[in-house]
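Colleague: Show me how the following folds:
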Amino acid sequence: MAAPLAGVSNFSPQTIAYGLAVLLLGGFVKGTVGFAVGLVVVAGLVQVFPAKEVTIILSVPFLLSNVIVLKEEGVPSRFLRQQVPFIGALFVGLVLGVILLSIISSQVLYLLLAAYIALFLAISQDKLVAYAEKTGLSVGSGLFAGLLGGVIGVPGPPLVVHTYIQVAEENTEFVAGVSSLFLVAHLLRIGILASDRLLGVRGLVIGVLLTIPIWIGVVLGVRFRDYIPDRRFEQTIKVFLAIIGVRLLMNGLSL
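Modeller: Numbers count the residues shown, from 1 in each chain. Okay, here's the model as predicted:
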């Protein structure tokens, strides 16, 4: 594959500023609600940076963003011990997803990202949460989350819904629980990418550097979580993601 992301000098100041703003926003969302950093950052950065390289390199800051959240909230050890079936299925899905990443075209990747955002917006509705409580969801959700994580770097919707069902409406427990599962997912994904030589030392270094604005956003999000009306904030993010989703769909269809 091509070298991960060109040097900073190859991008305009406006492009760099846009990238930093997207990373900061993604971190802020992560710190506030515990997830959606991948939705915001991947969907935002692929507008101006190579899609495949972005989804690979962002595995590093995504992993570290969860470490930052868990440092603030604490590690939910009991919750993690209950997630063995989910984590096992997640690993299988990640392996399959990384295999697809190696052969998939950029246009198909754009369409997958657009579909991923649409799926997230759909399953955020309350009536679909009840459906997700059916028997066997844990393994199915883990497999699907792994596939998404392997292909586009963000295991997102199934992982979030699964965690919500497990910990109900306790905000702090939910944020810690979902962040711990995301941490496991990204650890597995980085290991698979490294073993397939898709993520090297240069990619790791770039990923660590990209973590800095995400870290700032996470800290701000955690601090301001109690002061931001959840409903209004969630609606704003959904509108933002819907606009990006339409743009990605157009890119995938070459419109």
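
Colleague: Flag the shaky bits of the stretch 151-255 of the chain, pLDDT-wise.
Modeller: Residue ranges of the stretch 151-255 of the chain with pLDDT under 70: 152-154, 156-157, 168-171, 228, 230-231, 233-234, 236-237, 240, 255.

Colleague: Do you have the helices of it handy? List them.
Modeller: Secondary structure of the stretch 151-255 of the chain (DSSP state H, counting those that start in this stretch): helices located at 156-167, 171-195, 201-224, 230-252.

Colleague: what angle do the longest one and helix 156-167 make?
Modeller: By that I understand helix 171-195. In terms of direction (axes from the mean of the first three to the mean of the last three CA atoms, to 10 degrees), helix 171-195 departs from helix 156-167 by 140 degrees.

Colleague: And for Ser77, the neighbour number?
Modeller: Counted by other CB atoms under 10 Å, the residues lying close to Ser77 total 8. C-beta: built from backbone N, CA, C; applies to glycine.

Colleague: so how far is Val160 from it?
Modeller: Distance, Ser77 to Val160, by CB to CB, to the nearest Å: 20 Å.

Colleague: residues touching Leu248, list them.
Modeller: Leu248 makes contacts with Ala43, Val46, Tyr110, Leu111, Leu113, Ala114, Ile117, as judged by CB atoms under 8 Å, 6 or more residues apart in numbering.

Colleague: how about the nearest residue to it, chain neighbours excluded?
Modeller: In this structure, Leu248 finds its nearest non-sequential neighbour in Ala114, 4.1 Å apart by CB to CB, 6 or more residues apart in numbering.

Colleague: where's the one you found, which helix or strand?
Modeller: If you go by DSSP states H and E, Ala114 is part of helix 106-123.

Colleague: Check the offset of that helix from the chain's centre.
Modeller: On the basis of CA atoms, centre = their mean, to the nearest Å, helix 106-123 sits 12 Å off its chain's mean C-alpha point.

Colleague: what's the answer for stretch 16-34, then?
Modeller: Chain-centre distance of stretch 16-34: 12 Å, with CA atoms, centre = their mean.

Colleague: buried set for that stretch?
Modeller: For stretch 16-34, a neighbour-count test (16 or more other CB atoms under 10 Å) marks 18-19, 22-34 as buried.

Colleague: mind listing which of those residues are in helices?
Modeller: Mapping the buried residues of stretch 16-34 onto helices (DSSP state H) picks out 18-19, 22-33.

Colleague: In CSV: the residues you listed, plus distance to Ile165.
Modeller: What follows is those, written out as CSV (distance: CB to CB, whole Å):
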residue, distance to Ile165
Tyr18, 36
Gly19, 35
Val22, 30
Leu23, 30
Leu24, 31
Leu25, 27
Gly26, 25
Gly27, 26
Phe28, 26
Val29, 21
Lys30, 20
Gly31, 23
Thr32, 21
Val33, 16
